[in-house]
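Engineer: sharing a sequence plus its predicted fold:
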Amino acid sequence: MYFRKNKYPFHLWLVWLLLCLGCQQSRDYSQDQKQEEATTGENQYKVIAIKDGDTIELLKDGKPLRIRLQGVDCPEKNQDFGTRARQFTSDLVFGKSVGLVVHDVDRYGRTVGEIILPDGRNLNQELVKNGFAWHYTAYSKDQELARLEAEARAEKRGLWADPSPRAPWDFRKKRTTPAATAEATSSVSKKTGTSLPKTATSPSATISSKTGKVYICESKGAKTYHLDKACHLLEQCKSSTGTLPLAQAKSQSRKPCKVCAQ
């Protein structure tokens, strides 16, 4: 009676276990299939622009597709090694057909993924391996990227030649704080011997304020306006950009950009 009573529940447990194993194998197969397609010729796209070390544009279906590399973070343009990281990426992929393994879409509408080089290497990994990017641990737990960063640190490759390089996420945070603006203003004043307004603006921001027009991202859902055409947040627009009279931008319930319009 004991075995007869528990026979049916055991079968249910066995079916559940087999279903779980099947789902896991399906996920693994799907990821492996994407990797294989990116390496063997399917999902190949031409690289048409290099925005910075970790952001590029591909040509897909006749339209530009902006790609943010998964799991890595390169120095910003104004940081040490920012230009060299961009050049490293350009040397490897610009004008070439590469594979794309899609992971996600970020809040700016960019496709987040891995780029597979024509020779089968992984661009994301190559950047970290050669000391041109950090493993972006806030968004990635990839063990291979962690291993490659530790290796680059130990060998003092690229940016790791500096004993205390500043991570790009810390650089971005400081750049957008009032203290950072005050520090930049003070630095320029000391070098030129002249005083500057409390809020330093770029030439494009000055021109925009004089004409009464602002810059906007025309992407659906964009709700901010910019005084600076070169604002790094505006550059992340996934659609086209344009200008509007300030009054019209406000009538559309657009808010001033926290970086360039405050």
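Structural biologist: Okay, I see it.
Engineer: from here on, just use CA atoms for contacts and neighbour counts.
Structural biologist: OK.
Engineer: could I get the average pLDDT for the host helix or strand of residue 152?
Structural biologist: Taking DSSP states H and E as the definition, one finds residue 152 inside helix 143-155. Throughout helix 143-155, pLDDT has a mean value of 98.
Engineer: same question, stretch 166-181
Structural biologist: 75.
Engineer: how about the strands in the stretch 151-262 of the chain?
Structural biologist: Per DSSP state E, counting those that start in this stretch, the stretch 151-262 of the chain carries strands over the ranges 213-217, 224-226, 241-245, 255-256.
Engineer: can you tell me which of those strands is nearest to residue 95?
Structural biologist: For those, proximity to residue 95 was assessed by CA to CA; strand 241-245 is nearest, at 24.4 Å.
Engineer: most tightly packed of the strands of the stretch 151-262 of the chain?
Structural biologist: strand 224-226 (a mean of 25; mean count of other CA atoms under 10 Å).
Engineer: tell me what that strand is packed against?
Structural biologist: Packing partners of strand 224-226 (3 or more CA pairs under 8 Å, 6 or more residues apart in numbering; DSSP states H and E): strand 213-217, strand 255-256.
Engineer: kindly reformat the ones you listed as CSV containing distance to residue 77.
Structural biologist: Shown next, in CSV, are the helices and strands packed on strand 224-226 (distance: least, CA to CA, whole Å):
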stretch, distance to residue 77
strand 213-217, 21
strand 255-256, 24
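Engineer: those strands into a markdown table, with extra columns for distance to residue 111 and mean pLDDT?
Structural biologist: Shown next, in a markdown table, are those (distance: least, CA to CA, whole Å; pLDDT from 0 to 100):
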| stretch | distance to residue 111 | mean pLDDT |
| --- | --- | --- |
| strand 213-217 | 17 | 88 |
| strand 255-256 | 25 | 89 |
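Engineer: relative to residue 80, which of these is closest?
Structural biologist: strand 213-217 (29.0 Å).
Engineer: counting contacts, what elements does that closest one pack onto?
Structural biologist: strand 224-226, strand 241-245, helix 246-251.
Engineer: quick one: that strand to strand 241-245, angle?
Structural biologist: Here the directions of strand 213-217 and strand 241-245 differ by 140 degrees (axes from the mean of the first three to the mean of the last three CA atoms, to 10 degrees).
Engineer: got the domain ranges for this structure?
Structural biologist: As given by automatic domain parsing, the domain ranges for the chain are 44-170, 200-262.
Engineer: doesn't residue 57 make contact with residue 51?
Structural biologist: Yes: Residue 51 lies in contact with residue 57 (CA atoms under 8 Å); the separation is 7.5 Å.
Engineer: and the two? which has more neighbours close in?
Structural biologist: residue 57 (21 against 18; other CA atoms under 10 Å).
Engineer: any idea how far the residue nearest to the more buried one when sequence neighbours are not counted is from residue 237?
Structural biologist: Counting by CA to CA, 6 or more residues apart in numbering, residue 57 lies nearest to residue 66, which is 4.4 Å off, once chain neighbours are set aside. Look at residue 66 and residue 237: by CA to CA, to the nearest Å, they are 9 Å apart.
Engineer: go on, residue 126?
Structural biologist: 27 Å.
Engineer: try residue 169
Structural biologist: 19 Å.
Engineer: which of those two has more neighbours?
Structural biologist: residue 237 (18 against 15).
Engineer: from memory the more buried one sits against residue 106, does it?
Structural biologist: No: contact between residue 237 and residue 106 fails when scored by CA under 8 Å: they sit 11.7 Å apart.
Engineer: rewinding a little: distance to residue 161 and mean pLDDT for the helices and strands packed on strand 213-217 - can I get that in CSV?
Structural biologist: CSV is the format used below for the helices and strands packed on strand 213-217 (distance: least, CA to CA, whole Å; pLDDT from 0 to 100):
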stretch, distance to residue 161, mean pLDDT
strand 224-226, 37, 88
strand 241-245, 39, 85
helix 246-251, 46, 88
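Engineer: of these, which is nearest residue 93?
Structural biologist: Nearest of the helices and strands packed on strand 213-217 (CA to CA): strand 241-245, 25.9 Å.
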